[in-house]
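**Student:** Next comes the sequence, and after it the predicted model I'd like to discuss.
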Amino acid sequence: MEYLVTMTTHVPDGTSGAAVEDIRAREVAHSLELAREGHLLRLWRPPVQPGEWRTLGLFAAADRAGLESVLVSMPLRVWRTDEVADLSPHPNDPGGQTEERASAGGGEFLTSSTITVPPESSSAVAAAARAEEADRTRELAAQGKLRRLWALSGEDRTLGLWRAGDAEEMEAILDSLPLRKWSDVETTKLAPHPSDPGSAPH
């Protein structure tokens, strides 16, 4: 099972710079080990305010207990709080099929969307829109724009990982989705993380 973990680090007041550098170095080394074991899949930096130290991580584990064992093993956990979102398979997820194509330029974005079908829409109309959405996501995956899709807990909630040149292009991609008219979408621009396993050369 896959999980998205928001990791927020608070370095205690009075901690020496040497201590911070030591634990960060051990975190980097351990992250490489977790990536080799298949537990750490991706790392990103989301937008932060001055003084904030936050990372988004995509992890794989058999269950929540297995994930907790992975997170506890990370050196920075002594200063960190973790928020975990369970990710379930989505029928339109392209998996890792876009990895090579997506590595060539552009930036990454995460989208969290909730679909609310209007009560006046018939089941046939809703089914047709979902079928068109599936077709469109396959097109976007083939273009390297859509990298991953997961189902979030709650009804009709989805997490998407995308690649686009900028925020304007990302918005145009979202507007091209047939279900966009019924969707409430939150978009997060992701910055590269130096320890991201997904950025390692193949």
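**Tutor:** Done, it's in.

**Student:** now the protein, which segments are flagged as low pLDDT?
**Tutor:** Counting by pLDDT under 70, the chain has low-confidence residues at 96-105, 200-202.

**Student:** Break it down into its structural domains.
**Tutor:** Domain ranges of the chain: 2-88, 90-191, per automatic domain parsing.

**Student:** Can you pull the phi/psi pair for V78?
**Tutor:** Note on V78: backbone dihedrals following degrees, to the nearest 10 are phi -60, psi -20.

**Student:** Could you find the closest non-adjacent residue to it?
**Tutor:** Once flanking residues are discounted, V78 sits nearest to I23: 7.6 Å by Cβ to Cβ, 6 or more residues apart in numbering. C-betas here are computed from N, CA, C, even on glycine.

**Student:** surely the one you found meets M74?
**Tutor:** No: contact criterion Cβ atoms under 8 Å: I23 and M74 do not qualify, at 9.9 Å.

**Student:** circling back: could the domains of the chain go into CSV alongside distance to P197 and mean neighbour count?
**Tutor:** Converted to CSV, the domains of the chain look like this (distance: least, Cβ to Cβ, whole Å; neighbours: other Cβ atoms under 10 Å):
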stretch, distance to P197, mean neighbour count
domain 2-88, 4, 15
domain 90-191, 11, 16
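
**Student:** Nearest approach to G198 belongs to which of the ones you listed?
**Tutor:** With Cβ to Cβ as the measure, domain 2-88 is the member of the domains of the chain nearest G198 (4.6 Å).

**Student:** That closest one: end-to-end distance?
**Tutor:** 7 Å (Cα to Cα, to the nearest Å).

**Student:** Distance from that domain to the middle of the chain?
**Tutor:** Distance of domain 2-88 from its chain centroid, counting by Cα atoms, centre = their mean, to the nearest Å, is 14 Å.

**Student:** How much space separates the residue nearest to V78 from F59?
**Tutor:** 20 Å (Cβ to Cβ, to the nearest Å).

**Student:** Quick check: closest non-adjacent residue to A141.
**Tutor:** Per Cβ to Cβ, 6+ apart, closest to A141 is P94, 3.6 Å.

**Student:** Next SSE downstream of the helix or strand containing R24?
**Tutor:** R24 belongs to helix 17-36 when assigned by DSSP states H and E. As assigned by DSSP H and E, the chain's next helix or strand after helix 17-36 is strand 40-45.

**Student:** Which neighbouring elements make contact with that following strand?
**Tutor:** helix 17-36, strand 54-60, strand 183-192 (3 or more Cβ pairs under 8 Å, 6 or more residues apart in numbering; DSSP states H and E).

**Student:** can you redo these as CSV with distance to G160?
**Tutor:** Below are the helices and strands packed on strand 40-45 laid out as CSV (distance: least, Cβ to Cβ, whole Å):
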stretch, distance to G160
helix 17-36, 22
strand 54-60, 13
strand 183-192, 9
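
**Student:** what about those, which gets the closest to P118?
**Tutor:** Of all the helices and strands packed on strand 40-45, it is strand 183-192 that lies closest to P118, at 12.0 Å by Cβ to Cβ.

**Student:** The closest one relative to strand 40-45, how many degrees between them?
**Tutor:** With axes from the mean of the first three to the mean of the last three Cα atoms, to 10 degrees applied, the angle from strand 183-192 to strand 40-45 works out at 90 degrees.
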